[in-house]
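Participant: The sequence and its predicted three-dimensional model are supplied below.
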Amino acid sequence: MQKVGVIGLGRFGMALAENLAQEGIEVIALDSRPEVINQIKDKVALAVSADATDVETLRSLGLGRVDTIIVAIGDDFEACQLAMLAARDLEYPKVIARANDRVKEKILRRLGADEVIMPEEQAALKLSQRIARPSLLEAVEIGKEHSFVQVKAPPGARQKTVLELNMRKKFSVNLVAIKRPGTMAGEESVVIPMPDTIIHEGDVLMLMGRDKDIDRFLRELE
């Protein structure tokens, strides 16, 4: 079973720890506030009120044996840095840290974070994408400039074959699969696109490519 340590149980850290536990991951949750620990102790494998800036404390709680440690402290950046350094000193786990801005992201990366997440920025990006591109249902970054997305088939693509659309040549976008509603409510099937496959209203296109190329495809066909 995968094991993850979550340090800092603000709203983000609390939601993260609970969701990871629901996914069947063994979660060790740490926070300095006993009242917060009481809220989550029955939802994760282990919840402890402890000093997360001390490497020996982390080691005694078994965090040296987890797969990933997520430092989710948001408000106290000094505590975030110290907790990240303590986690980094355990040597084995992957360390992911949370930052509120680009300057803090740069500092945490220089301190040795394997990955830095910026929840507020990512939430703002998703909201702006949803408003600007109503057909965009989901987007997963697969690099700095590339994404895997699911979009409602835009009007300009409907009743055309994959060959007619020629997305790879015209837009440098790859159509990976099509989700299609079934005959019964709630049912859907996944269609592997062939040259003669026709795009219908209600289809969800699963696309992969550069962000700017996907945007151009949606702009021109919406």
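Facilitator: In hand now; what should we look at?
Participant: Excluding chain neighbours, what is closest to the residue nearest the centre of the chain?
Facilitator: Nearest to the geometric centre of the chain sits residue 140, at 7.2 Å (Cα atoms, centre = their mean). Using Cβ to Cβ, 6 or more residues apart in numbering and skipping residues adjacent in sequence, the residue nearest residue 140 is residue 148, 4.7 Å away. C-beta here means a position set from N, CA and C on the backbone, and glycine is covered the same way.
Participant: Quickly find the element holding the one you found.
Facilitator: strand 146-152 (DSSP states H and E).
Participant: Next, the buried residues of the helix or strand that that strand is followed by.
Facilitator: Using DSSP H and E, the helix or strand that follows strand 146-152 in sequence is helix 162-165. Buried residues in helix 162-165, counted by 16 or more other Cβ atoms under 10 Å: 162, 165.
Participant: contacts for helix 162-165?
Facilitator: With contacts defined as Cβ atoms under 8 Å, 6 or more residues apart in numbering, helix 162-165 is touched by 157, 175, 193-197, 199.
Participant: Show me what the mean pLDDT comes to for it.
Facilitator: The pLDDT scores in helix 162-165 average 95.
Participant: ok so, going back, determine the set of other helices and strands touching the one helix or strand the residue nearest to the centre of the chain maps to.
Facilitator: Per DSSP H and E, residue 140 falls inside strand 136-141. Applying 3 or more Cβ pairs under 8 Å, 6 or more residues apart in numbering; DSSP states H and E, one finds that strand 136-141 makes contact with helix 119-132, strand 146-152.
Participant: where do the helices sit along this structure?
Facilitator: Ranges of helices in the chain, per DSSP state H, are 11-22, 34-40, 55-60, 77-88, 102-110, 119-132, 162-165, 167-171, 211-221.
Participant: any idea which of these scores lowest on pLDDT?
Facilitator: Of all the helices of the chain, helix 119-132 has the smallest average pLDDT, which comes to a mean of 71.
Participant: List the contacts of stretch 70-90.
Facilitator: Residues contacting stretch 70-90 (Cβ under 8 Å, 6+ apart): 4-10, 12-13, 16, 52-55, 57-59, 63-64, 69, 93, 95-100, 104, 107-108, 111-113.
Participant: The nearest residue to residue 3 once chain neighbours are set aside: what's it in contact with?
Facilitator: Leaving aside its sequence neighbours, residue 3 sits nearest to residue 66 (Cβ to Cβ, 6+ apart; 4.1 Å). Residues near residue 66 by Cβ under 8 Å, 6+ apart: 3-5, 28, 93.
Participant: ok, longest strand in the chain?
Facilitator: Secondary structure of the chain per DSSP state E: the longest strand is strand 173-181.
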